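Any chance you could fold what I've pasted below:
(3 chains)
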Amino acid sequence: MRKILSMAVAIAAGFTLAGAGTPASAAEKLKIGFVYIGPVGDFGWTYQHDQGRKAVEKEFGDKVETTYVENVPEGPDAERVIEQLVRAGNKLIFTTSFGYMEPTLKVAKRYPKVFFEHATGYKRAANVSTYNSKFHEGRYILGQIAAKTSKTGTVGYIASFPIPEVISGINALMLGAQSVNPDMKVKIVWVNSWFDPAKEADAAKALIDQGADVISQHTDSPAAMQAAEARGVKAFGQASDMINFGPKAQLTSIIDNWAPYYIERTKAVLDGTWKSTDTWSGMKDGEVVMAPYTNMPDDVKAMAEKTEAAIKDGSLHPFKGPITNQKGELVVKEGAALSDKDILSMNWYVKGIDDKIPGQ
Amino acid sequence: MLDAAILGAVLASIVAAATTLLLASLGELVAERAGTLNLGVEGMMVVGAAVGYATAYGTGSLILGAIAAVLAGVMLSLVFAVLAVWLATNQVASGLATTILGLGIAGLIGSPFVGTRLDGAPELRIAGLTDLPVIGEMLFGQDAFVYLSLLLLAGVAYGLSRTRAGLVLRAVGENPVAAHALGHPVRGIRTLAVMFGGACAGLAGAHLSLAYTPFWASDMTAGRGWIALALVVFSAWKPLWLLAGAYLFGAVSILQLHVQGFGLGVPSQLLSALPYIATVVALVAISALKRGQGAPAGLGVPFVPDR
Amino acid sequence: MPLRIERQEHISGLRLTLVPLIAIAFTIIVGTVMFVALGHDPIRAFGIYFIEPLTDTWTLQELVVKACPLMLIGTGLAFCYRANRWNIGAEGQYVAGAVLGSWLALATHGTDAGPWVLPAMLALGVIGGALWGLIPAFLRVRFGASEILTSLMLVYVAQLGLDYLVRGPWRDPQGFNFPQSVTFDDVALMPLLLGEGRLHGGILIALVVIAAATFVLGRTLVGYSIELAGSAPRAAAFAGFDERRVTYGVFAVSGGLAGLAGMIEVTGTIGQMQPSISPGYGFTAIIAAMLGRLHPVLILVSSLVLALTYIGGEAAQITMRLPFDVTRVFQGTLLIAILAADVLVRYRVRRVEEVGHA
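Here you go, the predicted model:
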C-alpha cells in the first residue's frame, strides 16, 4: 500500500525518488550534498564552504550536481537532513560542522555505499572521512606580524568558544608573537557566539579601548574589521578576505579555502578511488591561504612571507619546542613538536597568556 | 583600573550599543500602550536592516536607506496590523508569524549584498565639546541615530503623557470598549501605533546595517528584537524607564566584555548570562517596590466592535 | 470604513473544514507568485513541500519525531495560556529538564545500572522543567514580576548553563576537548518503535499526555478553575479558587512537560548532551499551541503541520535548491493564512450602512 501510494504521488508530482545505495552509472551525474550550520550569506564559515561547493561545480561541470541545506541545527535535525540528502540520491555528502559528527556516523552506518565527509570531527568509519584545516599555521604568522606592528605591545583576540581549534589558534598567535617580542601581550574576549556582528564590533571596541592596537578574531563576521578601520587600528580578517571592510586596517586574512579538498574528493569518487581518510591540510596544500600582506612596512611583509614559506616547506612548525604552559611546566621539549592529536585536543595556554580558559 | 580615556570610550560604546535596543523598544512600547503586543519586532528589524542596506548601497545615500528601512518596517507591521487589529487574530501567534516572514524576506532581499560594505553613518563631532574628558565622546561623538533615538524618546514621553493624542492612545490600550463608546476609532489608532512600532523597528535595523556594523549578513540582528520586547516589559511601559533599561542593558553587555579583558577568570557563560540575570533581578526589585505593574489593561486582547 | 466583522454564533462543520482549505489556497497563491518570481515550477515546489513528505514511512516517521516535542510543550503551554499566564520560556524549561535528567545518565554511565535509568531520567526531566518553570511563577506570585519577561530571560540563563556544563564538567574526556558529553548507555536511551527509522517511545508518552490533558482541561474541576482564572479572575476568586495555586500549577505543568520533551528528545534522538539540544522548539511550540487553539488534540495536529513545513522546506532546499529563506517566507505566509482564515470563517465580514466614528 505504502509503495503504491508513494509511487503514484511521485509520478503525479513529476519526479522520481532515487533509491539509496544504487551505484552511480557512468552516464549519471554524481550528486553531491552539503550540510551547512549557518546561512550561506554569513560571509564567514558557511560562505566559504559554499565557495568550495561552487568551485566543484565549476571544475566538473556537467559531471556533477551539487545541492545544499543551510541553517541546519546540530542534533536530530542534522540526522534527518543528511538522510534526506542520501534519499535524494546524493552519493557524496559533506557535513560542515563539528556537531554533525554523530548524525553523520549514524546515517553513514545505514548507507554503506554513500560516501561522507565530516569537517572538524575525529570519528571515522569505512565510508566516513574527516577533514580540517590547520588554521593555527596562519595564526602563527599573524602573531609575528602583530608583534612587529603593535605599538602598545598588546594584540586583542575576539574568541568564540573554548574548543581546541580556538585555543590552539590563540596559542599559535602567542608563540608567533613571542618569537618576535617575548613581552607581547594578548587580551582575549570570549563572545560565546560564532556570529553576532554587533557583539563582535563591541568586543573589538572594548579591546581597542583597553590598549590593543591589533585585533585578531575567531568569529565569522567582518564587524571587528570594520570597527578597527573606524578606530584607526590594524586587524586580521577571518575566513574570507576582508580587505573590502578594512582597506586601511587589514594586515592580512586567514582564508578558508575548501575548494582543493572538495575537488580532490569529488574526483576520487568519480574515479572510484575514494577511501576513508583523515585529512588535516594547511598552507602547503593551499587550504589555508593568507590574503595579501597589506598596510605594513616592507620588512614586516618580508618576515611574514619568509615564515609562510618556512611553514609551507615544513622547516617551521608553529608548535615546535620548547613550549611551556601557563604554570611554567615544559610541555614540548626542545627539538620536538606537538603531535597533531595534541593540537586537536588542546586545552591549555602557553606561558605569557593572561587569561583562564572558560570552563576550567 | 579605569582611567578617564577608557571610561569615556566605554561610556560612548554603551550609548551606541543601547541605541539599537532603545529604538526598537520605543516603537514596541507605543504599540503596547495602544493594546497590541507585537512579537514581530525581530522580523521588522531585520527587514529594516536589509532594505535599508540595499537602498543605501544602491543609491549611495544613507538617508534614503534609513527612510527605506522605516518604510519596510511599516509595511511588515501592516501585515501584523491586518491580522491582529482588523481580523482580531491571536497577537502572540501573529507576531511570531511576522518575525518568521520578516527573516525570510530580509534574507532574500539581502542575498545579493553579502560581502559588500558601506561607509557607515559618521559620528557627529563638535569641535571642543567632543574632546571633553570622560563624557565628551558619549554626548557629542555619536552617529545621528543616537540623537534621533533620544529625540524620539522625548517625543514619545511627552506625547504619551501630555497630549490629547497620547491620552486617547492610552485609553485605547487600557479600555478599548470604553474608548470605542466615546467614539474613538480603536482599530485605527491601534493600527497607527503598530505602524509606529514598525517604523522604529525598521530604524533600529537601519542603525545596525548603516551605522553600527555597516554591512549586510543574514540574521544580523541576532535576537536583539527579543531583547527589545523584554525591555518594554522591564520599563513597565514607561518611556523614561525604557531609557534607563536600554542603557543598563547596554552597560552590562559592554562591561562584561571589558571585565573579561581584565582577566578576572570568571566563566564567560556566567558573564554572558549577566544581562539576563540583571534584568530579572531589576524587574523583581521594581515589582517589589510596587512600580512594576504598568501593563495596559487591554494588552494582547483583540478588540472587536460587536455592537 | 463601512466594513464590520461579526462573530458567527453557529458555525457549521462545512465552514470549519473551510479553514484549512482557505489557508492553503491563500498560501498557494502567494507561494506560486514567489516560486515563479524565483524561476521555479510552482507545482513541483508544492509537491515537495506538502505531498512528498507524506508518501513514505521514513518521512512520516520523521514528521512525528519532529512534531513530538512541539506537541508536548504546546500541550503544557495550553494550561498556562488558558489561565492567562504567559509562559514564553518553555525553551529554557526544556533545557533545564534535559539537564537534570541527563545528569543521571552521566552519573550511571559505565555502571551496570538496570533499566530503571530511563524512567528515572524522564521523571527528573519533568522535575527539572517544572522547577525551572516555577521560578517565574514564584517571582510573579511573591513580587508581582511579569512572568513574560522572567520566563524569557531564564531561557538564556538555562542555555548558558547547559553550555557551561558541556564545555566544562560534562565534557567527554575521550572527546578531544570538544563540547559534548559521552554518548549515553543503552539503558539511558529511548527504545525505537520500528525496525527502520527513528520513531521512538517518546511519541507514546506524548499521546498519553495529550489524552490526559484533554481530559483534565475539558472534564475536571482543575481544568475549569484554570479556564476561569484566565477568563474571569474575579469570578474565580469568588468561587474559591486560589489564584496563586493556579499560577504555580500551570507553570509546573507546562514546565514539566517542556522538561519531559527535552528529556525525550535527548534520549530519543540525540543520545548525548551537546551545547544546543533544541532548534527553538520552545518558541515554535507557542505557535503550535496558538494554532491549535489551546486544545491538546488540535495542538497535536498543528504540531504535525509545523513539522511538515520544516521537513518539506529541507526537501525543497535539496531537490530544488531553494534557499532556506524561501522556507521561512513560506512558513510565515502559511501561519498568517491559517490565522486569517480561522477568523474569516468564524466571523463574517459585512458591509454596514452606518458611518464610522471619526
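
With adjacent residues omitted, what lies nearest to residue 117?
Defaulting to chain A. residue A:94 (4.6 Å; C-beta to C-beta, 6 or more residues apart in numbering or on different chains). From N, CA and C alone the C-beta is placed, and that goes for glycine too.

not quite, I wanted chain C
Counting by C-beta to C-beta, 6+ apart, the nearest residue to residue C:117 once its immediate chain neighbours are dropped is residue C:187, at 4.4 Å.

list the contacts for the one you found?
In this structure, residue C:187 makes contact with C:108, C:113, C:114, C:115, C:117, C:118, judged by C-beta atoms under 8 Å, 6 or more residues apart in numbering or on different chains.

nearest to chain B, of the residues you listed?
Distances from the contacts of residue C:187 to chain B were compared by C-beta to the nearest C-beta; the smallest belongs to residue C:108, at 25.9 Å.

The top helix by length along chain B and chain A, are they touching?
Looking across chain B with DSSP state H, the single longest helix is helix B:4-33. Yes. Using C-beta under 8 Å from any C-beta of the partner chain, helix B:4-33 reaches chain A at B:6, B:9, B:10, B:13, B:17, B:20.

Tell me the helix or strand right after the helix or strand of chain B with the lowest mean pLDDT.
When each helix and strand of chain B is scored by mean pLDDT, DSSP states H and E, helix B:136-140 comes last, with a mean of 74. Using DSSP states H and E, the helix or strand that follows helix B:136-140 towards the C-terminus is helix B:144-162.

Against which helices or strands is that following helix packed?
helix B:4-33, helix B:164-174, helix B:186-206, helix B:239-261 (3 or more C-beta pairs under 8 Å, 6 or more residues apart in numbering or on different chains; DSSP states H and E).

Keep only those of the contacts of residue C:187 that are in helices.
Going by DSSP H, the helices hold C:117, C:118 from those.

Between which two of the contacts of residue C:187 is the distance greatest?
Using C-beta to C-beta, the two most remote members of the contacts of residue C:187 are C:108 and C:115, lying 11.3 Å apart.

Between those two, which has more neighbouring residues?
Comparing residue C:108 with residue C:115 by neighbour count (other C-beta atoms under 10 Å in any protein chain shown), the higher total belongs to residue C:108, at 19 against 11.

re earlier: can you put the residues of helix B:4-33 next to chain A in JSON lines and add neighbour count and distance to residue A:128?
Compiled in JSON lines, the residues of helix B:4-33 next to chain A are given as follows (neighbours: other C-beta atoms under 10 Å in any protein chain shown; distance: C-beta to C-beta, whole Å):
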{"residue": "B:6", "neighbour count": "17", "distance to residue A:128": "50"}
{"residue": "B:9", "neighbour count": "23", "distance to residue A:128": "49"}
{"residue": "B:10", "neighbour count": "23", "distance to residue A:128": "48"}
{"residue": "B:13", "neighbour count": "25", "distance to residue A:128": "46"}
{"residue": "B:17", "neighbour count": "26", "distance to residue A:128": "43"}
{"residue": "B:20", "neighbour count": "29", "distance to residue A:128": "43"}
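
How about the residues of the stretch 51-200 of chain A by chain C?
Those residues of the stretch 51-200 of chain A that sit near chain C, judged by C-beta under 8 Å from any C-beta, are A:67-77, A:79-81, A:83-85, A:87-88, A:90, A:98-99, A:102, A:122, A:161-164, A:167, A:192.

give me every residue that touches residue A:60.
By C-beta under 8 Å, 6+ apart, the contact set of residue A:60 is A:30, A:263, A:266, A:267, A:270.

Neighbour-wise, give me the winner out of these.
Neighbour-wise, the contacts of residue A:60 (other C-beta under 10 Å) top out at residue A:266, 25 neighbours.

Below-threshold pLDDT in the chain: ranges please.
With no chain named, the answer covers chain A. Judged by pLDDT under 70, chain A has its weakly predicted residues at A:1-27, A:359-360.

think we crossed wires, I meant chain B
Answering for chain B: the residues below the bar, that is pLDDT under 70, span B:1-2, B:134, B:261-265, B:290-294, B:306-307.

Chain C too?
The model of chain C has pLDDT under 70 over residues C:1-16, C:347-358.

can I assume residue B:221 is in contact with residue B:202?
No. Distance between residue B:221 and residue B:202: 11.5 Å, which falls outside the contact criterion (C-beta atoms under 8 Å).

what's the overlap in contacts for these two?
residue B:45.

Find the centremost residue of chain C, please.
Compute the mean C-alpha point of chain C, and by C-alpha atoms, centre = their mean the closest residue is residue C:285, 2.3 Å away.

one step back: of the residues of helix B:4-33 next to chain A, which is the nearest to chain A?
Using C-beta to the nearest C-beta, residue B:9 is the member of the residues of helix B:4-33 next to chain A that sits closest to chain A, with 4.2 Å.

Buried ones in stretch B:275-288, by neighbour count?
Within stretch B:275-288, the residues that qualify as buried are B:275, B:276, B:277, B:278, B:279, B:280, B:282, B:283, B:284, B:286, B:287, counting by 16 or more other C-beta atoms under 10 Å in any protein chain shown.

And the residue of the stretch 1-150 of chain C found nearest chain A, how far from residue A:89?
Taking C-beta to the nearest C-beta, chain A has its nearest neighbour within the stretch 1-150 of chain C at residue C:47, 3.3 Å off. Residue C:47 sits 17 Å away from residue A:89, going by C-beta to C-beta, to the nearest Å.

For residue C:313, which non-adjacent residue is closest in space?
residue C:327 (3.2 Å).

CA atoms of whatever helix or strand the one you found lives in as PDB?
Secondary structure assignment for residue C:327, by DSSP H and E: helix C:324-346. This file holds the C-alpha atoms of helix C:324-346, laid out as PDB (Å, rounded to 0.1, in the frame of the first residue of the first chain):
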ATOM      1  CA  PHE C 324      16.200  28.500   3.400                       C
ATOM      2  CA  ASP C 325      14.800  32.000   3.400                       C
ATOM      3  CA  VAL C 326      12.100  30.800   0.900                       C
ATOM      4  CA  THR C 327      11.000  28.300   3.500                       C
ATOM      5  CA  ARG C 328      10.800  31.000   6.100                       C
ATOM      6  CA  VAL C 329       8.700  33.200   3.900                       C
ATOM      7  CA  PHE C 330       6.600  30.200   3.100                       C
ATOM      8  CA  GLN C 331       6.100  29.300   6.800                       C
ATOM      9  CA  GLY C 332       5.300  32.800   7.700                       C
ATOM     10  CA  THR C 333       2.700  33.000   4.900                       C
ATOM     11  CA  LEU C 334       1.100  29.700   5.900                       C
ATOM     12  CA  LEU C 335       0.800  30.800   9.500                       C
ATOM     13  CA  ILE C 336      -0.700  34.100   8.500                       C
ATOM     14  CA  ALA C 337      -3.100  32.400   6.200                       C
ATOM     15  CA  ILE C 338      -4.200  29.900   8.800                       C
ATOM     16  CA  LEU C 339      -4.700  32.700  11.400                       C
ATOM     17  CA  ALA C 340      -6.600  34.800   8.900                       C
ATOM     18  CA  ALA C 341      -8.700  32.000   7.500                       C
ATOM     19  CA  ASP C 342      -9.700  30.900  11.000                       C
ATOM     20  CA  VAL C 343     -11.100  34.400  11.700                       C
ATOM     21  CA  LEU C 344     -12.800  34.700   8.300                       C
ATOM     22  CA  VAL C 345     -14.700  31.500   8.900                       C
ATOM     23  CA  ARG C 346     -15.700  32.300  12.400                       C
END
